[in-house]
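A.B. asks: need a 3D model of the sequence below.
(4 chains)
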Protein chains: 2
Amino acid sequence: MSNKRVTIYDLAREMGISVSYISKALNGHPAVSERVKNAVRKLAEERNYKHNSQAVNLRRGSARTIGVIVPQIDKSFFSEAIAGIEEVCSENGFSLIICQSHDSYEKECEAVSTLIHQNVDCVIISISAGTHSPDHLRNLQANGIEVIQFDRYIDELDSFKVISNDEEVSGDVVKDFIRKGYNRIAFIGGPEHLTIFRLRKKGYLKTLKEAGLPILKRFVFDDSLSKEQASAIAANLLTLENPPDAFFTVSDEQALGVLQAARALGVRVPEDLGIVGFANESFTGIVSPTLSSVDQKSKEMGKRAANLYFESMTVKQRGGPVSVKKDIIKAKIISRESSRRDADKPGSL
Amino acid sequence: MSNKRVTIYDLAREMGISVSYISKALNGHPAVSERVKNAVRKLAEERNYKHNSQAVNLRRGSARTIGVIVPQIDKSFFSEAIAGIEEVCSENGFSLIICQSHDSYEKECEAVSTLIHQNVDCVIISISAGTHSPDHLRNLQANGIEVIQFDRYIDELDSFKVISNDEEVSGDVVKDFIRKGYNRIAFIGGPEHLTIFRLRKKGYLKTLKEAGLPILKRFVFDDSLSKEQASAIAANLLTLENPPDAFFTVSDEQALGVLQAARALGVRVPEDLGIVGFANESFTGIVSPTLSSVDQKSKEMGKRAANLYFESMTVKQRGGPVSVKKDIIKAKIISRESSRRDADKPGSL
DNA sequence: TTGTAGGCGTTATCAG
DNA sequence: CTGATAACGCCTACAA
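C.D. replies: Now for the predicted structure:
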């Protein structure tokens, strides 16, 4: 039953040649004749030989593996990013270890530990909402592991970063609202210690100011990432005497929360209330009304992040200097029903 | 910069004691005095020592790891199941390697190969739609790796199985439809080579028959798992002279496809058309109308699957016989708006 | 209580 | 072409 694993020793014994020769044959070493190679491969196949990655990696000193840490894998933004990373990795013969932080700092640290133990060569991470300090990431770097941040990042950490033009596109959202006649625009943000949420808020505030619209403090909320929080905030604001006529949220979950609150109160979307979220999650296209959102090109972000690693490897091997930098991927507003007021044409901006 | 990894040799050299003693201290071996243990641990912490899992696993002959293969991680059914597996694994000090088959047989085989190479102790799998034969899974078993199937399984493979009472609950769905006055019930199924889809269809057919309702061949479709296929089928049937008044689908994606087709044709749901899907995906609760679905208790399925492994390990260690068996978890209809016709009370069945 | 030696499976190096 | 040997980092008999 529980057959012992077949090793190259077994093959060597059976063929009456040495282990090292078997190894070379299996790896296509040029110093081995085709005849022997074929014979060895045939036997390996027959005996169902599988190399032991543990041993290979130990020997090589690298696992040829990239670790990925994201808050949740069941959000399409992240699963698409992972798909992008996976694609580039497999092209380069690397594997992936996927970890979830569930937006908890402790879980994120655990994941970091696991990945160090697993001897990964690189960690691609989107920071959890509960993470305030980058020390655990410095720990990775101290172990010679390349760190690449995407989307949610900590600016002060010296690492590659793949991000959206958050401030700019947030401004675009506000401008789009204004153009459509919305002018009492509320904002529901995320934790301020993460740069992207600061930038999205900055873009919102700046654009309101430039447009000469008043900034109402009671319309601006931070650190309310959950659907429930957003829903509560919306329910609250919508029952004010002078309620907002639009919500810009930094995530689609929040946008959904706002939509549900509006529904519950009988507020019509988009006629009485415009809503735009962030990330272009797959559910935004199937709720009714469909939700407008900022598409961050998640898959491309993932691909870019992984490529950054392989490119920097090549440069390093050549001894060239690696300039740490931010890679900005332009996001784009996907205009759907929830912000389609007035003469706005169907389709995107 | 790229500091070499710290090993127990480094610690040993620095403290002037032997490697094996360091190892014992780090692992809390009883033969080491508390004083030494503390000193070693302190230094390990200071020097940022991290054990190398590759080496440990190679030595131990097991990676203490479970591999998981599912079609897609961004479906809540699977991500919840994974959450359940993760929970049980971490309780037992095991790690997880997650692979996606994207419903392709080739990708599934690749994943199997990777997991063998990684020396996993067990593979928990939900079979891809493209998989017709269990030979690759036999390969796992031949390498001494326990195989546990859940949800989508191949019956002929001798392994643990954690599954729903598919036939029974499918019958319940049909009965529920009938009770509410729907009696021209169409069925959109999956590939017949996967047992669960056969069983769901069987439950549907059997119950129709028992209820004395005619079985209309043009209302029954196999192997149409995608949203698009389901949508096309629904659009087709709904424009017949005598269209169906209900759809039972074996997935929620299909149910969504039907809903969208109905919307496009102006068919009212649930008044003119009832819809019930399968898996209780998270989006079923946020579309309008909300979609009724069969809740398979995905997280519990995951936990049960993982527990099965650890329990069988314990039994095997005691030398006891392991009786291979199916573990059935009762699914439950979650009745939402899409099937709420007549005097049906809100809430579940 | 402490240390020595061997081996987990693989591959690179060097010698025939 | 072919093979012996050391080493990757760690742990465990066994010895002292």
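
A.B. asks: so which residues on the stretch 1-150 of chain A come close to chain B?
C.D. replies: Near chain B, the residues belonging to the stretch 1-150 of chain A are A:1-5, A:48, A:50-55, A:57-58, A:63, A:72-76, A:79-80, A:82, A:86, A:95, A:97-98, A:113-114, A:116-119, A:139, A:142-144 when assessed by C-beta under 8 Å from any C-beta of the partner chain. The C-beta positions use only the backbone N, C-alpha and C, and glycine is treated the same way.

A.B. asks: leaving out chain neighbours, which residue sits closest to whichever residue of the stretch 101-250 of chain A sits closest to DNA strand C?
C.D. replies: Closest approach between the stretch 101-250 of chain A and DNA strand C, counting by C-beta to the nearest atom of the strand: A:Asn119, at 12.9 Å. Excluding the flanking residues, the one nearest A:Asn119 by C-beta to C-beta, 6 or more residues apart in numbering or on different chains is A:Ala63, at 4.4 Å.

A.B. asks: hang on, isn't the one you found packed against A:His117?
C.D. replies: No - counting by C-beta atoms under 8 Å, A:Ala63 sits too far from A:His117 to count as a contact (10.3 Å).

A.B. asks: show the contacting residues for the residue of the stretch 101-250 of chain A closest to DNA strand C.
C.D. replies: With contact taken as C-beta atoms under 8 Å, 6 or more residues apart in numbering or on different chains, A:Asn119 is in contact with A:Asn57, A:Ser62, A:Ala63, A:Thr65, B:Asn52, B:Ser53, B:Gln54.

A.B. asks: list phi and psi for the fourth one.
C.D. replies: As for A:Thr65, its main-chain torsions (degrees, to the nearest 10) stand at phi -140, psi 140.

A.B. asks: picking that back up, A:Gly302: which of the contacts of A:Asn119 is nearest?
C.D. replies: The closest of these to A:Gly302 turns out to be A:Thr65 (C-beta to C-beta; 15.9 Å).

A.B. asks: dig out what that closest one forms beta bridges with.
C.D. replies: Under the criterion DSSP bridges, A:Thr65 forms beta bridges with A:Ser95.

A.B. asks: okay, now it: neighbour count?
C.D. replies: Counted with other C-beta atoms under 10 Å in any protein chain shown, the neighbours of A:Thr65 add up to 19.

A.B. asks: and it, how close does it get to B:Ile178?
C.D. replies: 54 Å (C-beta to C-beta, to the nearest Å).

A.B. asks: nearest residue to A:Ile334 other than its sequence neighbours?
C.D. replies: In space, not counting the residues next to it along the chain, A:Ile334 is nearest to A:Asp295; the distance is 5.0 Å by C-beta to C-beta, 6+ apart.

A.B. asks: any weak-confidence spans in the stretch 201-349 of chain A?
C.D. replies: By pLDDT under 70, the weakly predicted segments of the stretch 201-349 of chain A are A:324, A:342-349.

A.B. asks: that one: strands as residue ranges?
C.D. replies: Shown for the stretch 201-349 of chain A, the strands assigned by DSSP state E, counting those that start in this stretch span residues A:220-221, A:246-249, A:274-278, A:292-295, A:326-329, A:332-334.

A.B. asks: who's in contact with the shortest one?
C.D. replies: I take that to be strand A:220-221. The set of residues external to strand A:220-221 that reach it, using C-beta under 8 Å, 6+ apart, is A:Ala186, A:Phe187, A:Ile188, A:Gly189, A:Lys201, A:Tyr204, A:Leu205, A:Ile233.
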